[in-house]
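Peer 1: quick one, fold the following:
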Amino acid sequence: MKKKFFIFIITSLFINLFAVQINIAVESIEDQIQLLTSQIENFEKQNPDIDVEIYSIPSYPGSTYKFYGTFVVTNAKEPTILSLDMEWINEFSPFLVNLNQDSEYFDVNNLDPQILEMVTINGELKAIPYYVETGVLYYRKDLLEKYGYDVPTTWNELITIAKDISQKEGIEGFVWPGARYEELTTFFLEILYSHGGKIFEGDHLVLEQAENKEKALLSLNLLNNIISEEISPKGVTTYREEECRNIFQSGDAVFMRNLTYAWHLLNSEDSAVNGKVGIAPIPKTEFTNQHVSVLEGKALAINPNSSDEEREAAKKFIKYLTSNESQTQRLIQLNFLPTNLEVFNEPTISEVDPNLLNFRSSLENLVLKPKSPIYTEISFAIQNNVYDALTGRISVERALNNMISEIEFLLR
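Peer 2: Below you'll find the model as predicted:
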C-alpha cells in the first residue's frame, strides 16, 4: 500500500513538473475570479498535463484597453490567452493567432452569425466568443402593478410611466449610464438603432445621410428630454453601471438600463428590491418592428508569441471555457449570456432561476457596434459629443455635426 502511494506521489510530481504552463488574462473582479478558479481546478483534473494560472489585469474602464496596448507594444509572451472586448478584436487582430483551422474544433457554426461576424476579421477567425452581455431594461414590477401599468415596449411608454410613478413615489424615474465612457456609446447606439438609424453600413459611414441624421437627432433629443423633464436626474451624466445599480437596488428608481450582470445582485438577500424586479428588452420606437440588443461581451484569443505546446494547451482550455457546461455556470452565477442559444435548454437553468430564460430574447436580435480597426477612436467621437449634448455644453445639432466630422477625419 505504501509503495503504491509513493508511486502515485512521484507520478503526480512528474506530471506537474512537466505540465505545460499557460495563463489567462482576466479582469480582477472577485466573483468572476472565484468562478474561473473553480473552472480551472476542474479543467486541470481532466488535463493534468496542463497548468493554468490567472493573469490578473486592471478592471477600471480604460485601464484594460491600456493593458492590451502595452502588450502589443512590448511584444510580450504573456498572457497566453487574452480576454478581449469583442469590439477590440478588429483593432488587435494583427497581434492574435489565426484560428481558422480550428473552427470545426470550436464548433463556431453553432454561434449566432452576428457574434461570429464580430470575431472574424478579413476572413480570419481571430478569437472565440467567451460570453455575451447586452443592455436590458430592469423595472419595478411591484410599482407597475400598483399603478396598473403594463411593461413598456416603447420609449414613449417608458417616459409616461416613469414620470407618473416617480412623482407619486418620490423616486427617480429612469437611471442609465450617462458618464463619458464606452457604455454611453452603447446606450446611444441602442437608442439610435431603435429609431432605425445607422452610423455605418459595412465599412462605409452613413451617419451623414439625411435619414440617419434625422434619427440621430431624434435619439439625442430623446435623451435630452429625459433629463430636462426630470425623468432622470441631472447627475445621470456621472453614472456608470454600478452607480445605476446601487440607486435601483436601494429602491430609488422605477426603471434602469443596465447589463445582464446586475440581475443576481438585484435579487440578493440584502437588496431592497429582491423579488420586485422584472426584465424586458430595450424599448423600441414606431420606426422599428422589433427590439434590438447591441452586442457586448468578451472573446478569447491566443498570444502569437506563445509556443506550439502553449497554443495547443490554450485551445483545450478555451474549448472547455466555451463548453455548454461552463457557459451554464456563467449564466447562473454571473448572468453572463451564452454564445450558443442551446445553453438555455439546460434544465439546471430553469431549476435554479427560471427568470434567466428571459434573457434569451436579448440574443435574438443582436446588432453590432461599428466594426473597425479604429473602433476605440470612433467610440470616443460618439461618447464625447453625446456627453457634451447631454450636459448642455453644445446643442444636439452641433453635437451630431461634430460627431460626423470627427469620424470622417478618423477614416481618412
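Peer 1: ok now stretch 130-137, how far from the chain's centre?
Peer 2: Here stretch 130-137 is found 5 Å from its chain centre; the criterion is Cα atoms, centre = their mean, to the nearest Å.
Peer 1: what lies in contact with that stretch?
Peer 2: Contact partners of stretch 130-137, identified using Cβ atoms under 8 Å, 6 or more residues apart in numbering, comprise 83, 115, 152, 158, 186-187, 190, 255-261, 279-283, 293-300, 321-322, 327, 330, 336-339, 359, 362-363, 366. C-beta coordinates here come from the backbone N, C-alpha and C atoms, glycine included.
Peer 1: grab the longest helix from this protein for me.
Peer 2: As assigned by DSSP state H, the longest helix anywhere in the chain is helix 210-228.
Peer 1: elements contacting it?
Peer 2: Contacts defined by 3 or more Cβ pairs under 8 Å, 6 or more residues apart in numbering; DSSP states H and E place helix 210-228 against helix 155-169, helix 182-194, helix 375-390, helix 396-411.
Peer 1: tell me who's in contact with Leu222.
Peer 2: By Cβ under 8 Å, 6+ apart, the residues touching Leu222 are 155, 191.
Peer 1: ok, back up a step: which of the helices and strands packed on helix 210-228 sits closest to Phe71?
Peer 2: Phe71 sits nearest to helix 375-390 of all the helices and strands packed on helix 210-228, at 14.9 Å, using Cβ to Cβ.
Peer 1: buried stuff in the closest one?
Peer 2: For helix 375-390, burial by neighbour count (16 or more other Cβ atoms under 10 Å) applies to 375-376, 378-390.
Peer 1: tell me which of those is nearest to Asn109?
Peer 2: Checking the buried residues of helix 375-390 against Asn109 with Cβ to Cβ, the nearest one is Tyr375 at 25.7 Å.
Peer 1: I figured the closest one hits Met86, correct?
Peer 2: No. Counting by Cβ atoms under 8 Å, Tyr375 does not reach Met86; the two are 10.0 Å apart.
Peer 1: start to end distance for stretch 136-147?
Peer 2: With Cα to Cα, to the nearest Å as the measure, stretch 136-147 spans 22 Å from end to end.
Peer 1: Thr339 against Leu111, yeah?
Peer 2: Yes. Counting by Cβ under 8 Å, Leu111 is a contact partner of Thr339 at 5.6 Å.
Peer 1: contact partners for Thr120?
Peer 2: Contact analysis of Thr120 by Cβ under 8 Å, 6+ apart lists Lys126.
Peer 1: centre of the chain to stretch 40-49, how far?
Peer 2: Distance, stretch centre to chain centre, for stretch 40-49: 28 Å (Cα atoms, centre = their mean).
Peer 1: can you check stretch 325-336 too?
Peer 2: Put simply, stretch 325-336 sits 14 Å off its chain's centre (Cα atoms, centre = their mean).
Peer 1: can you pull out the residues in contact with that stretch?
Peer 2: Applying Cβ under 8 Å, 6+ apart, the contact partners of stretch 325-336 are 31-32, 35, 39, 131-133, 260-264, 297, 320, 337-340, 343, 346, 348-349, 352-353, 356, 359.
Peer 1: and what of stretch 64-84?
Peer 2: For stretch 64-84, the external contacting residues (Cβ under 8 Å, 6+ apart) are 22-27, 55, 57-58, 85, 88, 92, 95-96, 127, 130, 298-303, 305-306, 310, 313-314, 317-318, 376.
Peer 1: for it, measure first residue to last.
Peer 2: End-to-end for stretch 64-84, by Cα to Cα: 9 Å.
Peer 1: report the mean per-residue pLDDT for it.
Peer 2: Mean per-residue pLDDT for stretch 64-84: 93.
Peer 1: now stretch 315-322
Peer 2: For stretch 315-322, mean pLDDT rounds to 98.
Peer 1: now stretch 128-140
Peer 2: The pLDDT scores in stretch 128-140 average 97.
Peer 1: would you mind measuring the gap between the ends of that stretch?
Peer 2: For stretch 128-140, the separation between the terminal residues is 36 Å (Cα to Cα).
Peer 1: can you check stretch 226-240 too?
Peer 2: Using Cα to Cα, the gap from the first to the last residue of stretch 226-240 comes to 17 Å.
Peer 1: got the contact list for it?
Peer 2: Contacts with stretch 226-240, where a contact means Cβ under 8 Å, 6+ apart, come from 61, 159, 162-163, 166, 172-181, 183, 247, 387, 390-391.
Peer 1: now swap in stretch 339-359 and tell me
Peer 2: Outside stretch 339-359, the residues within contact range by Cβ under 8 Å, 6+ apart are 110-112, 115, 129-132, 136, 260, 263, 279, 297, 322, 324, 327-328, 331-332, 335, 337-338, 360, 363.
Peer 1: for stretch 277-286, same thing?
Peer 2: Outside stretch 277-286, the residues that reach it (Cβ under 8 Å, 6+ apart) are 135-141, 144, 151-158, 190, 194-196, 257, 263, 266-267, 290-293, 355, 358-359, 361-362.
Peer 1: 6 Å instead?
Peer 2: By Cβ atoms under 6 Å, 6 or more residues apart in numbering, the residues outside stretch 277-286 that reach it are 135-139, 141, 151-152, 154-155, 158, 190, 194-195, 266, 291, 358, 361.
Peer 1: check the offset of that stretch from the chain's centre.
Peer 2: The chain centre lies 17 Å from the centre of stretch 277-286; the measure is Cα atoms, centre = their mean.
Peer 1: what is the mean pLDDT for it?
Peer 2: Mean per-residue pLDDT for stretch 277-286: 96.
Peer 1: just the buried positions in that stretch, please.
Peer 2: Neighbour counts over stretch 277-286 (16+ other Cβ under 10 Å) mark 277, 279-285 as buried.
Peer 1: restricted to strands, list these.
Peer 2: 277, 279-280 (DSSP state E).
Peer 1: kindly reformat those residues as a markdown table containing distance to Thr74.
Peer 2: Shown next, in a markdown table, are these (distance: Cβ to Cβ, whole Å):
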| residue | distance to Thr74 |
| --- | --- |
| Val277 | 45 |
| Ile279 | 42 |
| Ala280 | 45 |
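Peer 1: hang on, Val254 in a strand?
Peer 2: Yes. Under DSSP: H, G, I helix; E, B strand; the rest coil, Val254 falls within a strand.
Peer 1: lovely, talk soon.
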